[in-house]
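>>> below are the sequence and a predicted model for it; my questions follow.
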Amino acid sequence: MSPRKIKVLSLSLLALKTILLFHRQCVSSFSPLSASGMTKKRRQSAISSTSAPAATNKMITARADKIPKPLLIHWKGDDGDSFGSDYRLTELKGALAGVLCIPFGEVILDVTNALNYGGVNLANKPQKNVESFNHAIQYVKSPIYARGAYIRAVERCSLAHALYEVVAESYAFDSLADVALLSDGFDDLKRGMDHSDASWCVRVRHFGESSGSKQDLLRYGGRTRSVTKEKEVCLALKPLLIQFGGKVDLKRPDVKIYIFDGMFHNSDRMVLTRRLANGPQIASIDPNTRICVTNTPLVPTAAYLLCNAACLRQNATILDPYAGSGTILLASAMIEPTCHSVGIEIAHDGLVNRDDIRQDFRIRQLSEPLGLLLGDCTDESVRVAARKVIGGGPFDCIISDPPYGIRESTLEMDPLACLLECIINDRDKGMPMLKTGGMLACFVPCRDDQTLDDVLPSDDLLAKARLRCCAHHEQPLNKKLSRWLVSFVCY
């Protein structure tokens, strides 16, 4: 054998050894963090990990938008919370409205399902499960806003798992590298470019029938990973990967490169993507991680949904007239650190300790509320005090989860109607609670014998309050009760 052939063979063996080591480390390094059952030390780590923005997303946002590329949005699973696809899109639209500082009704968001699983062995699978799986990843083919807007929006969406930029599409691994090289999706990672020292890793995910084995198909609804395929992909992408200046990092890479197959209507389609952003770590404000918790705390997902439905913007002033233990105030501070919030709570410190609420903000390094007032929001003097905290003017947003009044037989009027009466009264006296163009977002309870029209305030009351409904979505709570997330704009 000639020396040249020996050298080539040695290099090939070295490359193969590197790939095998790469994937062996990958398998051994996987250790998911569960939000439930965390130790105090791990829980504190989860809290602190969400207080600083990811360097990866800063790097990607800084890239120039030469040609807008299609995007993939990977949604979180239902997890029994009954927040369906309508909730997902409403939350994303509200987040985009807040990021872009435009009205909710002007946001354009056109998505299609990236999965079309017909599959096999579905005889015993409920149709809603099939639909849920097919809605798990959605395709934004022609993004009309800057990449950075979608990144910031996804980072604040509780129902979003991740956002990906589609760099190349093909029917074979070998041709993905050629297509990617013609794109500018990874140009910043090449030697001599802006982020040539960024670390990276490659992952392959299979969906639906292309998952391969019969056992995979029986595991309906879950994505699968193949180490063998990842080895094959690394070799196939060699023309692209050898141009990167950074090192491989399997644990905390700056750039995560994903290949999805089984996408769209053709199960042989392969998509090469770059992860742009992750959804927020909402587990850091779970009730079991907080000092101040009431008997019926609002779950973090619901708090995020309310804040995004209110199109929370930079430097926004926020009022929660039924603040409780402050979940909505915590979520608003995580979504937009520049916001200025005020909470009103009728319970005294023996039930809802305001120092404990502030401590929950401090340990997460979040901006504390400007005021946590003791009193009843239907008391005019309390509302005056709330406005005084922000300088005397009206609020940009009123966000709340009012008491539902189902067990409170002494209530003469439901809490939302009471709140609207307060808004009307204050405006008539020349001291409006809500700015023109401001948002009111809240939950409204609904029994199984009621419709949305039965539980919403009357058209006359809404007109007097100068509120117009923007969006409404139902969340079943049990067989007898559901709640509607409703958002209004002040005109």
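In hand now; what should we look at?
>>> so residue 275 lies in a strand, does it not?
Yes: the assignment for residue 275 (DSSP: H, G, I helix; E, B strand; the rest coil) places it in a strand.
>>> run the chain-centre distance for stretch 186-204.
Centroid displacement of stretch 186-204 relative to its chain, using C-alpha atoms, centre = their mean, to the nearest Å, is 26 Å.
>>> one more: stretch 146-166?
How far stretch 146-166 lies from its chain's middle: 7 Å, per C-alpha atoms, centre = their mean.
>>> ditto for stretch 95-112
Averaged C-alpha coordinates place stretch 95-112 at 15 Å from its chain's average position (C-alpha atoms, centre = their mean).
>>> residue 330 belongs to a helix?
Yes: residue state for residue 330 (three-state DSSP) corresponds to a helix.
>>> what pLDDT is listed against it?
Looking at residue 330, its pLDDT stands at 97.
>>> equivalent analysis for residue 473, please.
At residue 473, the predicted lDDT confidence score is 89.
>>> same question, the one 4 residues further on
pLDDT, the model's per-residue confidence, is 83 for residue 477.
>>> ok, and the closest non-adjacent residue to it?
Using C-beta to C-beta, 6 or more residues apart in numbering and skipping residues adjacent in sequence, the residue nearest residue 477 is residue 483, 6.1 Å away. (C-beta placed from N, C-alpha, C; glycine too.)
>>> secondary structure element for the one you found?
Per DSSP states H and E: residue 483 is located in strand 481-490.
>>> what residues of the host helix or strand of residue 97 count as buried?
Assigned by DSSP H and E, residue 97 falls within helix 85-100. For helix 85-100, burial by neighbour count (16 or more other C-beta atoms under 10 Å) applies to 85, 87-100.
>>> again, but for stretch 228-237
229, 230, 231, 233, 234, 235, 236, 237.
>>> give me the residues contacting the following helix or strand past the helix holding residue 97.
Sequence-wise, the next helix or strand downstream of helix 85-100 (DSSP H and E) is strand 112-113. With contacts defined as C-beta atoms under 8 Å, 6 or more residues apart in numbering, strand 112-113 is touched by 134, 135, 137, 138, 139, 141.
>>> hmm, the first one is touching residue 115, no?
Yes: in this structure residue 134 lies within contact range of residue 115 using C-beta atoms under 8 Å: 4.7 Å.
>>> more neighbours: those two, which one.
Between residue 134 and residue 115, residue 115 has the larger neighbour count (other C-beta atoms under 10 Å), namely 21 against 18.
>>> wait, doesn't that one sit right on residue 207?
Yes: using C-beta under 8 Å, residue 115 is in contact with residue 207, at 5.7 Å.
>>> show me whatever sits in contact with both of the two.
Joint contacts of residue 115 and residue 207 (C-beta under 8 Å, 6+ apart) are 137, 262, 263.
>>> neighbour-wise, which one of those residues leads?
residue 263 (26 neighbours).
>>> so that one versus residue 271, what's the distance?
From residue 263 across to residue 271, the span is 5 Å (C-beta to C-beta, to the nearest Å).
>>> what do you get for residue 429?
According to C-beta to C-beta, residue 429 and residue 271 sit 58 Å apart.
>>> over to residue 304?
Distance, residue 304 to residue 271, using C-beta to C-beta: 28 Å.
>>> again with residue 338
Distance from residue 338 to residue 271, counting by C-beta to C-beta: 36 Å.
>>> ok, the two, which is more surrounded?
The neighbour count for residue 338 versus residue 271, taken as other C-beta under 10 Å, is higher for residue 271 (24 against 10).
>>> need the contact list for the residue nearest the centre of the chain.
When C-alpha atoms, centre = their mean is applied to the chain, the residue found nearest the centroid is residue 157 (2.3 Å). By C-beta under 8 Å, 6+ apart, residue 157 lies in contact with 88, 91, 92, 95, 279, 280, 304, 308.
>>> wait, what's in contact with residue 383?
Residues near residue 383 by C-beta under 8 Å, 6+ apart: 344, 377, 422, 426, 433.
>>> among the residues you listed, which lie within strands?
residue 344 (DSSP state E).
>>> which pair of the contacts of residue 383 spans the longest distance?
By the measure C-beta to C-beta, 344 and 426 form the most distant pair in the contacts of residue 383, at 13.6 Å.
>>> who's more crowded, those two?
It is residue 344, of residue 344 and residue 426, that has more neighbours when counted by other C-beta under 10 Å, with 23 against 18.
>>> could you measure from the more buried one over to residue 371?
Counting by C-beta to C-beta, the gap from residue 344 to residue 371 is 9 Å.
>>> go on, residue 99?
Counting by C-beta to C-beta, the gap from residue 99 to residue 371 is 26 Å.
>>> over to residue 161?
35 Å.
>>> wait, residue 353 sits on residue 292?
Yes: counting by C-beta under 8 Å, residue 292 is a contact partner of residue 353 at 5.7 Å.
>>> between these two, which one's more packed in?
residue 292 (21 against 16).
>>> need the contact list for the more buried one.
Here residue 292 is in contact with 325, 326, 352, 353, 356, 357, 359, 360 (C-beta under 8 Å, 6+ apart).
>>> ok, which pair from those is furthest apart?
352 and 359 (13.0 Å).
>>> okay, those two: which has more neighbours?
Neighbours were counted for residue 352 and for residue 359 using other C-beta under 10 Å; residue 352 has more, 21 against 15.
>>> that one - nearest residue in space that isn't next to it in sequence?
The shortest distance from residue 352 to any non-neighbouring residue, by C-beta to C-beta, 6+ apart, is to residue 345 (5.4 Å).
>>> is the one you found in a bridge, and if so with what?
residue 374 (DSSP bridges).
>>> that one touches residue 322, doesn't it?
Yes: Residue 345 is within contact range of residue 322, at 7.2 Å (criterion: C-beta under 8 Å).
>>> more neighbours, these two?
More neighbours surround residue 345 than the other of residue 345 and residue 322, with 24 against 19 (other C-beta under 10 Å).
>>> check what pLDDT that one gets.
95.
>>> I'd like the distance between it and residue 186.
Distance, residue 345 to residue 186, by C-beta to C-beta: 51 Å.
>>> now do residue 387
51 Å.
>>> and these two? which has more neighbours close in?
Set side by side, residue 387 and residue 186 show more neighbours around residue 186, with 22 against 19, by other C-beta under 10 Å.
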